[in-house]
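S.K.: Turn this into a model:
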Amino acid sequence: MNDQVSILPGRTFVGDVWHYGRRMTMFRRDDWGVYVVWIGLMLGLFASVATFLLTGHFAGVRYPAYVWNVPIGIFIFSAAIAFDTIGHRTAYKAALRDGEALVHHITIFAGITSVLLLCLAHQHRDFLRIPALVLTTLSIFYSVIDEWMHWTRFQRGQSDRIEMWSHFFIFLGHLIMMWSWVQWFEAGYPGVNETLGAFR
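M.R.: Coordinates of the predicted model:
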């Protein structure tokens, strides 16, 4: 069965979404393992950031309004990845084995390390500022390469519009999350020390 048709005649957008989501029934054990670990990691990031900010908020800390874009961006990013990964572990698994898989791994490495360094830079600002900003830039740069590769595959009829919409929201969430986080860092992390005090 050819499951990589970009547009199937007579199918609505909602029908395409349903078809894409139903591919989870094709998951094997290793697919579930990858899915749970990857989506769990992103949901863990969302939960930890949201918990931190809400703890500060209920303790009377007032963050700049843009700071709340960090968990919003993470949520958009996580939800889009949760859907996109269904196709990546099923219909498009073979297409992702070579160049695209490598780009994904590089992007994920840069993304995770950029977040870790931005967190650690709260205590080591001068030393970690440049590495954190470089890795943030690289995570966006490789995301652009990844999007180009996906669009190329879409134009060859080896992807579908739901995967492409998923990638739009992945990129949207990633940019909102990181742009807000970097702005927060550059401003000196207002509200962070007060929130850390609330945990003591």
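S.K.: The closest residue to Ala187 other than its chain neighbours: what's it in contact with?
M.R.: Nearest residue to Ala187, sequence neighbours excluded (CB to CB, 6 or more residues apart in numbering): Pro64, at 6.9 Å. Any C-beta I mention is one placed from the backbone N, CA and C, and that applies to glycine too. Contacts for Pro64 (CB atoms under 8 Å, 6 or more residues apart in numbering) come out as Trp184, Ala187, Pro190, Gly191.
S.K.: between the residues you listed, which has the most around it?
M.R.: Counting neighbours by other CB atoms under 10 Å, Trp184 leads those with 21 neighbours.
S.K.: So that residue sits against Tyr66, correct?
M.R.: Yes. Judged on CB atoms under 8 Å, Trp184 makes contact with Tyr66 at a distance of 7.2 Å.
S.K.: Confidence-wise, which helix or strand of this structure is lowest on average?
M.R.: Counting by mean pLDDT, DSSP states H and E, the weakest-scoring helix or strand in the chain turns out to be helix 13-22, with a mean of 90.
S.K.: Which pLDDT does the model give Asp160?
M.R.: Per-residue pLDDT puts Asp160 at 89.
S.K.: Let's verify the residue nearest the centre of the chain: helix, strand, or coil?
M.R.: The residue lying closest to the centre of the chain (CA atoms, centre = their mean) is Phe77, at 3.9 Å. Classification of Phe77 using DSSP: H, G, I helix; E, B strand; the rest coil returns helix.
S.K.: Look up how far Ile130 lies from it.
M.R.: Phe77 sits 24 Å away from Ile130, going by CB to CB, to the nearest Å.
S.K.: pretty sure Arg23 is touching Gly87, no?
M.R.: Yes. Counting by CB under 8 Å, Arg23 touches Gly87, with 6.3 Å between them.
S.K.: So between the two, which is more surrounded?
M.R.: Legend: neighbour count by other CB under 10 Å for Arg23 and Gly87, higher for Gly87 (22 against 17).
S.K.: With that, I have no additional questions.
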